[in-house]
Each structure stands twice: as structure tokens, then as C-alpha cells.
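S.K.: just to be clear, the model below is a prediction. Sequence and coordinates:
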Amino acid sequence: MTAQYIPVIMAFTFAAVVATTFVVASKLLGRGQLQPQRKLETYESGMPLLDASRKRVSVKFFVVAMVFIIFDLEVAFLFPVAVAARGLLAEGNAIVLFEVLAFLLILAIGYVYLWRAGAFDWARGGSKA
Amino acid sequence: MWAELAVTAAKLLVVATVLLTCVPIMVWVERRGAAFIQDRLGPNRVGPMGLLQPVIDAVKLFFKEDLTPGGVNPILYTLAPMVSMFVALVTFIVIPFSADAGVEVFGVPLKGIHVAPDLGVGVLYLLAISSLGVYGIVLAGWSSNNKYSLLGGLRSSAQLLSYELSLTMSVLGVVLVSGTLNLQEVIGRQGPEIWKWHAVTQPIGFIVFLVAAFAETNRLPFDLAEAETELVAGYHVEYSSMRFASFFMSEYINIVTISALTVTLFLGGWQVPWLTATLSGWPLLLVSAGAFAAKVALLLWLFVWVRWSLPRFRYDQLMQLGWKGLLPLAALNLLIVGMAMGQGWL
């Protein structure tokens, strides 16, 4: 059972080695930093830096993150059902699929609410959700 | 035991090498294709038809100054390109690049050019790992201490989250019909005839998947993360040398991986109608690998073609397409597939 994960461990090791090699090799082979202090300043299209670079972030990004978690969990719930569906149908257990439909219906209500509340509108007026 | 491990390691090395070789070829196709579409010459000095240009570029990048600007968070700044590269190099192991032709090597069954043929979670592993890629972009954007980087990283994370839902939902349609997560079995259930491929039986799911794949790989028309005209280069403005190249390479590896996944899920994988069913053994292995490569190459050209043909979306249009367009369409596809299965049509 665990033997199926051996290729995964191998791939992880391989990828970690390659990723580290690229960064380290570039550090060793590339010329060091010998440029003057000006070069280390934050790049802003050649202009002097006006103010701080890390500012507050629009709240819309947080709305997207929250909505994503809801729908992603839903999709995660659907995977086991999707794998088992054909077997369930063959055994005549179609009622399970109607339960899934009910689950999706509740989610659809939430989706309509989010749409009406403006969670998906990026430009006009801003979101009320 | 040791022979099996050796075979798995050999498969991993071969596939990873091919994938890494695809990057310079893709860069060359991209630049020559762009030149062809825009009616100019493109790189044609280094090697025949400029074929060695990307190789020279990679060598040059190794020897460039490895700059760490002031004000960055040095640990995260170094970690970010490594995360991107790591994620790009571990996702492909569940994709079957050829048929399981029943060939044996040193007395061990080869099970096709498929690094993890027995992994039960299959496509779920690919989706889970590839969504980790957003960490590389967000860490790069935040640690660089730069406005453009921060905006690029944020935009990219919101975009990847939004389109991941549609992508996963359209995969669900295929899983529902196949009843398995193992990609080799998904190909097997599609049958060799073209009208049994999921691109034909689930056209809505196929289109949603393809559009979401463009968005997931940050390609035009969805390349809001690095939109040159507004964000200079987005999340990797402050990067130079091989640390920049790590982002660049992982982006192209991701394109190859998602094309291979599209072929596997919707275009019948390695199957050629009426041909692969008649072969077995080594001929089947070679023909199927060749067919898979040809299908992936067609999709890669589509990626290049679209990039140089379509303009970039505005950000609100992008979010609207993702949430109000693709997500309901993907759910609709799932419903149709479910009903068709209930009727016994699929």
C-alpha cells in the first residue's frame, strides 16, 4: 500500500535537488555583487522611491479567498462521490446521487446569494458581501 | 525490489530530462512563432535556424550577477523560485506518457512511461501539488519589497484560486464517467475511437478546462500577473540570474504538464484510432509515446498561437469570466454528465 508512494518520494527528492542546484550554481558561477549602493534600491521604473512598497491590500482579494474556500471544499466533497458513482448506479443506489443533487442545490443558493451581493463584481461600486 | 526501484528512478530521470529539454524548445518555438505571426525573422544567428539561442541564454543566465536588492526578505526571496521549480518538477509523475504495453525490463514490468503507475490518488495528486505553485508566486511578490511584485503576486493568487475551481470541476466530469482517479485507466476507458474521447462526449467540460488551463499557467490572455505594460514584469521584477530563470523555466514546464493532462483527460491520451489496438509490446510503447508527444506538441502550439493573437483581459473581466462564466458552465457540464450516466448513455 505504501509502496505506491515510493515514486512520489523519489520525485520530491529529485525536484528539491534540481531546484537547490539552480540557485546555488547561480550563486557560485555568477559574478558577485560589486555594484554601487544605488543598484540595491527598490526598482520603480527609474524613479526615486516615493513611499513604502508594502501597503494595505484591497479587501476584494480577501473576499475572493473566502469564497474560494467554500467552493473548493465542495469540490473536494464531490470527488469521492464521482469515483463511486458508476458502482452506485450499477447497484441501483441512485438515491445517493439525488442526495448529491440536494447538496449542490444548497450550494447553488449560496452562489446566487454571492452573485446578488456583488462578491463577483470587481469594478463597479465594490462588493457588499 | 532493487530492480523495481532502479526502473522507477530511470523512468523519473528520463521523463524529467525530456521535460527540461522541452523548455528551450518551447522558448524557441515561442520566439520563432511570434516572429512568424508578426512577419519578422526572430532569433536566427546561433545554430541552425536559431535553435541554440535558448541554450546560450540559459548558459548566460548562470553567469549573470545574482542580485539581492536591499529591503527584501532574503530567506523568502531565495525560497520562492525554489518552490516554483520544485512544484513544476513533481507534478508530472502521475501522467502516463505511453501505453502500458506489458514490456519487461530486467525482469521487471515497465508499466509504460509512467513514473507512478500505481498511485491510487492519481489526478488528485496532480491538482493538489500544482495548486501549491501559487506559494512560489506570492512569496516572490511579497518578499521582493516592490509595488509591482506585490500587485503581481496578489493578482496572480486571486486568479489562480478563481480558475482552479473551474478546472477541478471540469476534471470532475471526467472522473465521474471514468470512475477512477488513475490517469492510465482514464485513458483506457476512453476507447480508441475519436467519438469516445471526452473532448467529444463532454465538449463544455473540455472548453472550460482549456480556458482554465491558460489561466492556471499565467499565459496570455490571462497573464495579469506579469502584465508588462502595467506591472513591468509582475512578481519577478527584482529577480536576476538563475533565480529569475527558475520562474521562467517552471512556467514553461507547467505549460507542458497541463497540455499533457489535457491530452490525457480529454483527447484520448496516447491512443490512435484503429492503430494502437492492433499493436502490442515494444511497437505499441513507441507508437503510443509518439502519438502522445504529437498531441502535446499540437496543444503547445495552440498556447503560442493564442498568446500572439489575443489581447490581455482587464482584471475585472478576468474575475467575471472565472466566477460568472466558467464556474456555472463547469457545474452545468457536471449535471449533464451525471444525468447522461443516469440514463445509461455514457
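M.R.: Received, thanks.

S.K.: hang on, isn't B:D100 packed against B:K111?
M.R.: Yes. Between B:D100 and B:K111 there is a contact under C-beta atoms under 8 Å: 5.0 Å. (Glycine included, C-beta is placed from N, CA and C.)

S.K.: joint contacts of the two?
M.R.: Contact criterion C-beta atoms under 8 Å, 6 or more residues apart in numbering or on different chains; residues shared by B:D100 and B:K111: B:P117.

S.K.: once you drop chain neighbours, what's closest to whichever residue of the stretch 201-346 of chain B sits closest to chain A?
M.R.: Residue nearest to chain A within the stretch 201-346 of chain B (C-beta to the nearest C-beta): B:M242, separated by 3.1 Å. Nearest in space to B:M242, with sequence neighbours left out and distances taken as C-beta to C-beta, 6 or more residues apart in numbering or on different chains, is A:S26 at 3.1 Å.

S.K.: swap in B:L161?
M.R.: A:F68 is the one closest to B:L161 (C-beta to C-beta, 6+ apart), at 4.3 Å.

S.K.: which stretches in the chain count as helices?
M.R.: Defaulting to chain A. In chain A, the helices defined using DSSP state H lie at A:6-29, A:59-90, A:95-117.

S.K.: let me rephrase: I mean chain B.
M.R.: Along chain B, counting by DSSP H, helices occupy B:2-37, B:53-62, B:74-90, B:122-130, B:133-143, B:147-178, B:183-190, B:198-201, B:203-216, B:228-231, B:241-266, B:281-307, B:315-320, B:327-342.

S.K.: how about the last one, does it get close to chain A?
M.R.: Looking back up the chat, that one is helix B:327-342. Yes. Helix B:327-342 reaches chain A (C-beta under 8 Å from any C-beta of the partner chain) through B:L327, B:P328, B:A331, B:L334, B:L335, B:G338, B:M341, B:G342.

S.K.: run through who's touching that helix.
M.R.: Contacts for helix B:327-342 (C-beta under 8 Å, 6+ apart): A:71, A:78, A:85-86, A:89, A:94, A:97, A:104, A:108, A:111, B:165-166, B:169-170, B:172-173, B:176-177, B:202, B:204-205, B:207-208, B:346.

S.K.: and B:S84, how close does it get to chain A?
M.R.: Distance of B:S84 to chain A, given as C-beta to the nearest C-beta, to the nearest Å: 8 Å.

S.K.: check the closest residue to that residue other than its chain neighbours and give its pLDDT.
M.R.: The shortest distance from B:S84 to any non-neighbouring residue, by C-beta to C-beta, 6+ apart, is to B:G136 (3.3 Å). Looking at B:G136, its pLDDT stands at 88.

S.K.: contact partners for the residue nearest to the spatial centre of chain B?
M.R.: For chain B, B:I258 is the residue whose C-alpha lies nearest the centre (C-alpha atoms, centre = their mean; 2.5 Å). Shown in contact with B:I258 (C-beta under 8 Å, 6+ apart): B:S130, B:A213, B:E216, B:T217.

S.K.: give me the number of residues near residue 108?
M.R.: You didn't pick a chain, so chain A it is. A:A108 has 12 neighbouring residues, counting by other C-beta atoms under 10 Å in any protein chain shown.

S.K.: the chain in question should be chain B.
M.R.: Neighbour count for B:V108, taken as other C-beta under 10 Å: 15.

S.K.: isn't it up against B:A3?
M.R.: Yes. Using C-beta under 8 Å, B:V108 makes contact with B:A3 at a distance of 4.8 Å.

S.K.: can you name every helix or strand that the helix or strand of chain B at the bottom of the mean pLDDT ranking contacts?
M.R.: One helix or strand of chain B scores below all others by mean pLDDT, DSSP states H and E: helix B:228-231, with a mean of 72. Where contact means 3 or more C-beta pairs under 8 Å, 6 or more residues apart in numbering or on different chains; DSSP states H and E, helix B:228-231 is packed against helix B:147-178.

S.K.: the inter-axis angle of the helix it packs on versus helix B:74-90?
M.R.: 30 degrees (axes from the mean of the first three to the mean of the last three C-alpha atoms, to 10 degrees).

S.K.: how far away from the center of its chain is helix B:147-178?
M.R.: On the basis of C-alpha atoms, centre = their mean, to the nearest Å, helix B:147-178 sits 13 Å off its chain's mean C-alpha point.

S.K.: what pLDDT, on average, does it get?
M.R.: Helix B:147-178 comes out at a mean pLDDT of 88.

S.K.: before we move on, the earlier item: select, out of the helices of chain A, the one closest to B:Q159.
M.R.: Nearest of the helices of chain A to B:Q159, taken as C-beta to C-beta: helix A:59-90 at 9.1 Å.

S.K.: the stretch 151-300 of chain B against chain A: which residues are in contact?
M.R.: Residues of the stretch 151-300 of chain B lying near chain A (C-beta under 8 Å from any C-beta): B:154, B:157-158, B:161-162, B:164-165, B:168-169, B:172, B:175-177, B:179-181, B:232, B:237-238, B:241-243, B:245-246.

S.K.: neighbours of the residue nearest to B:F266 when sequence neighbours are not counted, how many?
M.R.: Nearest residue to B:F266, sequence neighbours excluded (C-beta to C-beta, 6+ apart): B:A199, at 4.2 Å. Neighbour count for B:A199, taken as other C-beta under 10 Å: 19.

S.K.: one more: the one 3 residues further on?
M.R.: Around B:Q202 sit 25 other residues, with neighbours defined as other C-beta under 10 Å.

S.K.: which ones are touching it?
M.R.: Counting by C-beta under 8 Å, 6+ apart, B:Q202 touches B:S170, B:G173, B:V174, B:V177, B:F266, B:N333, B:I336, B:V337.

S.K.: B:P74 too?
M.R.: For B:P74, the contact set (C-beta under 8 Å, 6+ apart) comprises B:T68.

S.K.: where are the low-confidence patches of chain A?
M.R.: By pLDDT under 70, the weakly predicted segments of chain A are A:1, A:32-36, A:124-129.

S.K.: ok and the residue in it nearest chain B?
M.R.: A:S26 (3.1 Å).
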